[in-house]
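Asks: Could you look at this predicted model? Sequence included:
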Amino acid sequence: MIRLINFKVLCFAGTLASGALLSSETTNWPQWRGPTANGYATTGNPPVEWSETKNIKWKKSIPGKGHSSPVIWGDRLFLMTAVALEQDNEVTP
């Protein structure tokens, strides 16, 4: 009987801890389509329309080509790009 009570307490504590972890991630955008992978942000007020100059907070030219999802963690933005390197086509023995 005591083992069953301990197991229930452990499960309850694990549920609380996992809920705390999930709620702390909502301020970050750690993966493709956001924290819950559905593309929906529960906070913020994004613009409805934008252009090259309208509703743009900042712009930065980044070398290479990238097709990955940006990751936002705290006040940082992480991107991944592929930059072609010079290749030596000579075959060396």
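Replies: Structure received.
Asks: Could you use CA atoms for every contact and neighbour count after this?
Replies: Will do.
Asks: for the protein, what spans make up the helices?
Replies: Per DSSP state H, the chain has helices spanning 2-25. These are given in chain order.
Asks: Output the lowest mean pLDDT helix or strand found in it.
Replies: Evaluated with mean pLDDT, DSSP states H and E, the helix-and-strand set of the chain has its lowest mean pLDDT in helix 2-25, which scores a mean of 57.
Asks: Give me the nearest residue to P30, chain neighbours excluded.
Replies: Counting by Cα to Cα, 6 or more residues apart in numbering, P30 lies nearest to V71, which is 5.1 Å off, once chain neighbours are set aside.
Asks: Pairing partners for that neighbour in the sheet, please.
Replies: Here V71 sits in beta bridges with F78, going by DSSP bridges.
Asks: I'd like the distance between it and N45.
Replies: Distance check for V71 against N45: by Cα to Cα, to the nearest Å, it reads 18 Å.
Asks: Those two - which one has more neighbours?
Replies: Here V71 and N45 are compared on neighbour count by other Cα atoms under 10 Å; more neighbours surround V71, at 19 against 7.
Asks: Can you pull the phi and psi angles for T36?
Replies: For T36, the backbone dihedrals (degrees, to the nearest 10) come out as phi -110, psi 10.
Asks: Just the pLDDT at it, thanks.
Replies: The predicted structure scores T36 at 86 on the pLDDT scale.
Asks: No more questions from me, cheers.
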